[in-house]
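Peer 1: 3D model of this:
(chains A and B)
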Amino acid sequence: MKPFNFILILALTAIASHLTALYIIPSAIMAIAMEHIPVKGVLSASQDGASANANTQEIRTAIIDRQGINAAMPSPRVDHHMRSVVRSTPDILYTACIYDLSVGPLQLTTPTKGGYTSVSAFSSNTDNFFVQDDRTAVEHQLDVTLVTDGWRGNIPTGSKAVISPSNKGIVLFRVLIDSEAELALHVERQRQARCTPVTI
Amino acid sequence: MKKVFLIIVAIILGLVIGLGSLRTIITSVSGQVNNGPWTTDLTTGGIDASAYTRASLAVQGLLAMTQDQAVYFIAENDSAGQTLDASCEYTLTGGDLPTRWWSITMYAADYFFVPNDQKRYAVSKSSLSRIADTNGQWLAKISNQDSADLIAPQSGPFSMIVRLYNPEPVVSENPTSLTLPTISRGACT
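Peer 2: Numbers count the residues shown, from 1 in each chain, chains lettered A, B, ... in the order given. This is a model prediction of the structure:
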């Protein structure tokens, strides 16, 4: 084999593998997260019984009952036992919804009174294609409905339609813990986040 | 036979170079903006993010929001440019930031929290405003000791992220003008 051919094969393999992995990685990691978040207990998997939030067991039971798709899964406050999503923060209470719009639109609602609250949606390639927070909430309520492009039909009255670029993805509600003294109130607000399939 | 062997060697070397270079790029901290030891990419999370930003985000910060909602500054070095080393002590000093709320969170080399029973993973506007002086300046201690405000790993590199939620326009319009926290290295063991 001529040296030129050896270098050519090497270079083409390097470029092809580099670019292929570059474009596959985001979707692959999202797919893994979407598989693991329901199974492992949303964003937190605290095994520390002495320090776990009081609502941990109740939340886990709810997750199992709902099987984790198109349903809100509030997480206990994250700690070092959480191994599902990198670089979270303990100052935020997270509630995730793994969504699949192939069965229809999904309504996302949460009360916002009490501090920073947001709902954000991430497509299957990790893009944060939508986010809204409490500053633009109507009457202290966020209410949006995820639909697929080209979907035709009615959405719940008062809800804002948002087109998801992919059928599947992750919705994340965030509630800021800006005061430890008010943690219970923040947890109460977190637990009122809902992901509700829209029935026609 | 020799030709087949050389082709296989070329392919293996190509894979090592292609995938190795990608790993190096997407696991390093890089962004559009540097401010002292802090780095940010204002396209984070956005549909206009580059393929490299998107891949890097997937590995290092999945589910981050776009810059109109939150801006994330990452530090893997101290203010003198040296890699953050858990065998050293550091002081983190700063003041208030032009945003509704901010926090600074510590991460081990695997991007997860540093295990500690005190759960001292982060300091924030609400916790540090209580210890700020009359000029609004605060100080937080970083080390692998239990007395630290932010507990580092026992050894090895670590990183920190400043989060700014609902940032004022200046954060994205002129991020280099911000006075972000200073990270000063102290004694090392």
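
Peer 1: Give me the pLDDT value at A:R66.
Peer 2: For A:R66, the model assigns a pLDDT of 48.

Peer 1: to the chain's geometric centre, what's the distance from the longest helix seen in chain B?
Peer 2: Assignment by DSSP state H gives helix B:2-26 as the longest helix of chain B. Centroid separation between helix B:2-26 and its chain, computed with Cα atoms, centre = their mean, to the nearest Å, is 31 Å.

Peer 1: List the buried residues for the helix or strand just after it?
Peer 2: Using DSSP states H and E, the helix or strand that directly follows helix B:2-26 along the chain is strand B:33-35. Residues B:V33, B:N35 are the ones in strand B:33-35 that count as buried (16 or more other Cβ atoms under 10 Å in any protein chain shown). C-betas here are computed from N, CA, C, even on glycine.

Peer 1: what pairs with strand B:33-35, and is each one parallel or antiparallel?
Peer 2: strand B:38-40 (antiparallel) (DSSP bridges).

Peer 1: can you give me the strands for chain B?
Peer 2: B:33-35, B:38-40, B:70-75, B:88-94, B:99-108, B:122-124, B:138-143, B:150-151, B:158-167, B:182-188 (DSSP state E).

Peer 1: how about JSON lines for these, with mean pLDDT added?
Peer 2: Below are the strands of chain B laid out as JSON lines (pLDDT from 0 to 100):
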{"stretch": "strand B:33-35", "mean pLDDT": "92"}
{"stretch": "strand B:38-40", "mean pLDDT": "93"}
{"stretch": "strand B:70-75", "mean pLDDT": "94"}
{"stretch": "strand B:88-94", "mean pLDDT": "96"}
{"stretch": "strand B:99-108", "mean pLDDT": "95"}
{"stretch": "strand B:122-124", "mean pLDDT": "94"}
{"stretch": "strand B:138-143", "mean pLDDT": "95"}
{"stretch": "strand B:150-151", "mean pLDDT": "96"}
{"stretch": "strand B:158-167", "mean pLDDT": "96"}
{"stretch": "strand B:182-188", "mean pLDDT": "96"}
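
Peer 1: Need the winner for burial among these.
Peer 2: Counting by mean count of other Cβ atoms under 10 Å in any protein chain shown, strand B:70-75 has the highest mean neighbour count of these, with a mean of 25.

Peer 1: Taking chain A, what residue is nearest to chain B?
Peer 2: Residue nearest to chain B within chain A: A:T13 (2.6 Å; Cβ to the nearest Cβ).

Peer 1: Now for the closest residue to B:G46 other than its chain neighbours, how many residues are close by?
Peer 2: Nearest residue to B:G46 in three dimensions, chain neighbours excluded: B:T66, at 5.0 Å (Cβ to Cβ, 6 or more residues apart in numbering or on different chains). Neighbour count for B:T66, taken as other Cβ atoms under 10 Å in any protein chain shown: 22.

Peer 1: Wait, B:T66 touches A:Q132, no?
Peer 2: No: the criterion here is Cβ atoms under 8 Å, and B:T66 misses it with A:Q132 at 11.5 Å.

Peer 1: Please enumerate the strands of chain A.
Peer 2: Counting by DSSP E, the strands of chain A are A:73-74, A:92-100, A:106-111, A:117-123, A:128-133, A:141-148, A:160-164, A:168-176, A:194-197.

Peer 1: can you redo these as a markdown table with distance to B:D149, mean neighbour count and mean pLDDT?
Peer 2: A markdown table is the format used below for the strands of chain A (distance: least, Cβ to Cβ, whole Å; neighbours: other Cβ atoms under 10 Å in any protein chain shown; pLDDT from 0 to 100):
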| stretch | distance to B:D149 | mean neighbour count | mean pLDDT |
| --- | --- | --- | --- |
| strand A:73-74 | 28 | 24 | 92 |
| strand A:92-100 | 19 | 24 | 94 |
| strand A:106-111 | 32 | 22 | 97 |
| strand A:117-123 | 27 | 24 | 96 |
| strand A:128-133 | 28 | 21 | 96 |
| strand A:141-148 | 34 | 20 | 96 |
| strand A:160-164 | 40 | 16 | 96 |
| strand A:168-176 | 20 | 24 | 96 |
| strand A:194-197 | 37 | 18 | 94 |
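
Peer 1: now these in a markdown table, with distance to chain B?
Peer 2: Below are those laid out as a markdown table (distance: least, Cβ to the nearest Cβ, whole Å):
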| stretch | distance to chain B |
| --- | --- |
| strand A:73-74 | 14 |
| strand A:92-100 | 9 |
| strand A:106-111 | 15 |
| strand A:117-123 | 5 |
| strand A:128-133 | 4 |
| strand A:141-148 | 13 |
| strand A:160-164 | 12 |
| strand A:168-176 | 6 |
| strand A:194-197 | 15 |
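
Peer 1: Please produce CSV containing those strands, extended by distance to B:L19.
Peer 2: Output for those, formatted as CSV (distance: least, Cβ to Cβ, whole Å):
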stretch, distance to B:L19
strand A:73-74, 34
strand A:92-100, 29
strand A:106-111, 36
strand A:117-123, 25
strand A:128-133, 27
strand A:141-148, 34
strand A:160-164, 31
strand A:168-176, 26
strand A:194-197, 37
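
Peer 1: Quick check, the residue of chain A closest to chain B in contact with B:V9.
Peer 2: No: judged on Cβ under 8 Å, A:T13 makes no contact with B:V9 at a distance of 10.7 Å.

Peer 1: I'd like the strands of chain B laid out as JSON lines, including distance to B:S56.
Peer 2: Formatted as JSON lines, the strands of chain B follow (distance: least, Cβ to Cβ, whole Å):
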{"stretch": "strand B:33-35", "distance to B:S56": "15"}
{"stretch": "strand B:38-40", "distance to B:S56": "11"}
{"stretch": "strand B:70-75", "distance to B:S56": "10"}
{"stretch": "strand B:88-94", "distance to B:S56": "25"}
{"stretch": "strand B:99-108", "distance to B:S56": "15"}
{"stretch": "strand B:122-124", "distance to B:S56": "22"}
{"stretch": "strand B:138-143", "distance to B:S56": "25"}
{"stretch": "strand B:150-151", "distance to B:S56": "24"}
{"stretch": "strand B:158-167", "distance to B:S56": "13"}
{"stretch": "strand B:182-188", "distance to B:S56": "22"}
